[in-house]
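Asker: mind looking at a prediction? Sequence and model below.
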Amino acid sequence: MSRIQQTLCVDFGSANIRMFLSPRNEIFTEKACVATHVGSKGDPQFMALGETALNMIGRTPEHIQILNPIQNGDIIDFKSAEIIFKRLMHRVQGRMLWLGPNVIVCVQKQPHEIQQRAIRRLCMVSGARKVEFSIRALAIARAMELNIQDPHGHLIVDIGHETTDISILSLGKVVYEHRLKIAGKHIALSIVAALKDKYKMSISLEQAMGVLHEHLQLRINGSAKPFEVFGRCLDEQLPKTQVITIEELRQMVVQPIRFILEAIVQMLSVCTPRLASDIYQSGVILVGGGAQIKGLSYFLRKKLKLPVFVPDFPERLSVTGAIIKDT
């Protein structure tokens, strides 16, 4: 096995970097976050990576920076991204650093030449032998074993941390696509804003993300119990606890979720009648980390009057599908 050339599929997300290593069929996930401090030569020096760096937010002295090199699904800070990816490659490869893997990078659409060169360089200096690109929506469809080469429309809604990508596929290509810069982060920020307005209480984005995934239920459930949120009182600047009901939480997040709903409706309104007919039969495929919000598929199904499906492990499909070649 050690002599077999390995392939590493990578999806650089705003919140998480996900990787799939073939032929070992291993999944790796790390937070897209790095803690650095200024070195003696003025350049950033590595301190901590991923979850460890994320836990430092709001708790560091001034000389330590917490950096998120990926924003809105694009790498904006290649130096920080290189610090992260080199260490992830070392972790994934283990003792096989002498034989770098072929790397397939998932992208929303084919990057232009300057972006391609920058991403290739990032991967090559981190140890890649060869770098290719895979369109994320097509990789997701292949992972789900959809017959995307047929003349039949499929609608994929990929809700990430900072962006929601809506794609209609047919004949092996992306026929229509739209990127909405509203996603899981913005749903969480609506919780932050609502607590500030209603209860004069401040919580962090990370706390709000925890509330979103642990407590939000978009489908009405009579057995759901109120829960406590811990934060800081804006008036007294002291620690504060507030009890929130599920219905209150539901009202806090309804606006950004409606924006996602409206973007899906807009996409359906511009596609051809035949593609719309296909989607009416096959439904909407909901993927990405945001697909795991409890009751979101039910909410969209009710509003769109279409079937809405959430496959198993919806956040992993881009990397597990990128390795699959079209037949």
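Answerer: That came through, no problem.

Asker: C-alpha from now on. contacts and neighbour counts both.
Answerer: Noted.

Asker: ok, now which ones touch P111?
Answerer: Applying CA atoms under 8 Å, 6 or more residues apart in numbering, we find P111 in contact with no residue.

Asker: quick check, it in a strand?
Answerer: No. Counting by DSSP: H, G, I helix; E, B strand; the rest coil, P111 falls outside a strand, being coil.

Asker: mind listing the strands for the stretch 1-150 of the chain?
Answerer: Taking DSSP state E, counting those that start in this stretch to define them, one finds strands in the stretch 1-150 of the chain at 7-12, 16-22, 26-31, 34-38, 44-49, 64-67, 70-71, 74-75, 102-107, 130-135.

Asker: quick one: low-confidence residue ranges for the stretch 101-250 of the chain.
Answerer: 222 (pLDDT under 70).

Asker: separation between the nearest residue in space to L21 that is not next to it in sequence and V92?
Answerer: Nearest non-adjacent residue to L21, counting by CA to CA, 6 or more residues apart in numbering: L8, 4.6 Å away. Applying CA to CA, to the nearest Å, the value for L8 to V92 is 9 Å.

Asker: so what sits against both of the two?
Answerer: Counting by CA under 8 Å, 6+ apart, the contacts common to L8 and V92 are L21.

Asker: these two - which one has more neighbours?
Answerer: More neighbours surround L8 than the other of L8 and V92, with 27 against 19 (other CA atoms under 10 Å).

Asker: pull out the buried positions in stretch 162-172.
Answerer: Using 16 or more other CA atoms under 10 Å as the test for burial, stretch 162-172 gives E162, T163, T164, D165, I166, S167, I168, L169, S170, G172.

Asker: which one of the residues you listed is nearest L155?
Answerer: Relative to L155, the closest of those is I168; by CA to CA it sits at 4.6 Å.

Asker: can you tell me how far the closest one is from I83?
Answerer: As defined by CA to CA, I168 lies at a distance of 35 Å from I83.

Asker: wait, what's in contact with G231?
Answerer: Counted by CA under 8 Å, 6+ apart, G231 has contacts M201, S202, I203, P239, K240, T241.

Asker: skipping adjacent residues, who's closest to the third one in space?
Answerer: Same thing as I203. Closest to I203 by CA to CA, 6+ apart is G231, at 4.9 Å.

Asker: could you export whichever strand or helix holds the one you found as PDB, CA atoms only?
Answerer: Take DSSP states H and E as the rule and G231 turns out to sit in strand 227-233. Provided in PDB are the C-alpha atoms of strand 227-233 (Å, rounded to 0.1, in the frame of the first residue of the first chain):
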ATOM      1  CA  PHE A 227     -32.600  26.600  27.200                       C
ATOM      2  CA  GLU A 228     -30.100  29.000  28.800                       C
ATOM      3  CA  VAL A 229     -27.700  31.200  26.900                       C
ATOM      4  CA  PHE A 230     -24.600  32.600  28.600                       C
ATOM      5  CA  GLY A 231     -23.200  36.000  27.700                       C
ATOM      6  CA  ARG A 232     -22.400  39.500  28.900                       C
ATOM      7  CA  CYS A 233     -24.900  42.200  30.000                       C
END
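
Asker: was I right about I148 contacting S170?
Answerer: Yes. Between I148 and S170 a contact is recorded at 5.7 Å, counting by CA atoms under 8 Å.

Asker: identify the contacts common to those two.
Answerer: Common contact partners of I148 and S170 (CA under 8 Å, 6+ apart): H154.

Asker: how about the helix or strand harbouring A208: buried residues?
Answerer: For A208, the host element (DSSP H and E) is helix 205-215. Neighbour-count burial for helix 205-215 flags L205, E206, A208, M209, V211, L212, H213, H215 (criterion: 16+ other CA under 10 Å).
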